[in-house]
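A.B. asks: Here is the input, now give the coordinates:
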Amino acid sequence: MSYVTGKIIKELREKKGYTQRQLAEKMQISDKTVSKWETDRGLPDIGLLELLAETLGVSIAELLMGEVVTNENRAANIRNQSFYICPVCGNVIQSVGQGSYHCCGILLPTAEIEEVDEKHRIEVEVMDNEYYVRMKHPMTKEHYISFFCYVTTDYSQMLKLYPEQNAEGRLTKRGHGFLYAYCNQHGLFRVMV
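C.D. replies: Modelled structure (predicted):
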């Protein structure tokens, strides 16, 4: 992990609308100290990082990484899911809202929803109070559907898929929601069910 930089301290201070003096007063340090940090002529002592992060309104991790993530889903509506997929190991992180996640030493971007095309058409059929979901999609080690995920306002179910099996499965029907499918080469697709 990297250490906090003067650039991020300055950006966060300005975003809060603080002068160097105001930040210094809130932290009970001198404004010359803040100036040294921002011009990279000094670094905040590790014992000040918690107070600095709190004063700037970020987490210590965000302060150290230099990347601030704002969760716009404050109500934690489960239908506003975010998915983070590691391009190295294929690990899937599912989150209610935005976050900052790492895997295999990489900061994972949020998977963006792609427009469904003919090659990524998700077929859904109701069978015995379940959704039978399938895609006519290659399932090779190089190109495959990694998962299906069904999300309603209060429920989420993920079905992990693996290469060399069929891109199909059953998910328990729980009402209206979204069905996601993730292609390891083309991204995240979503349909309403």
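A.B. asks: can you count the residues close to A167?
C.D. replies: 20 (other CB atoms under 10 Å). Quick note: C-beta positions are derived from backbone N, CA and C, even for glycine.
A.B. asks: Please determine how far it is located from G66.
C.D. replies: Here the criterion is CB to CB, to the nearest Å. By it, A167 lies 39 Å from G66.
A.B. asks: L159 now?
C.D. replies: For L159, the distance to G66 - CB to CB - is 36 Å.
A.B. asks: What of D40?
C.D. replies: Distance of D40 to G66, computed by CB to CB: 13 Å.
A.B. asks: the more surrounded of those two?
C.D. replies: G66 (15 against 11).
A.B. asks: quick one: the more buried one and I8 touch, right?
C.D. replies: Yes - between G66 and I8 there is a contact under CB atoms under 8 Å: 4.3 Å.
A.B. asks: re earlier: okay, and the common contacts of D40 and G66?
C.D. replies: Residues touching both D40 and G66 by CB atoms under 8 Å, 6 or more residues apart in numbering: T5.
A.B. asks: Under the pLDDT cut-off, which ranges of this structure? List them.
C.D. replies: 1-2, 67-79 (pLDDT under 70).
A.B. asks: That one - how does it break down into domains?
C.D. replies: Using automatic domain parsing, the domain parsing of the chain gives 6-65, 113-192.
A.B. asks: Could I get these in TSV, plus columns for distance to G99?
C.D. replies: What follows is the domains of the chain, written out as TSV (distance: least, CB to CB, whole Å):
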stretch	distance to G99
domain 6-65	10
domain 113-192	15
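A.B. asks: Go through stretch 3-13 and flag the buried ones.
C.D. replies: 4-6, 8-10, 12-13 (16 or more other CB atoms under 10 Å).
A.B. asks: Just the ones in helices from these, please.
C.D. replies: Within the buried residues of stretch 3-13, residues falling in helices by DSSP state H are 6, 8-10, 12-13.
A.B. asks: Out of those, which is nearest to D117?
C.D. replies: Minimum distance to D117 across these is 39.6 Å, recorded for I8 (CB to CB).
A.B. asks: check contacts around the closest one.
C.D. replies: 63, 66.
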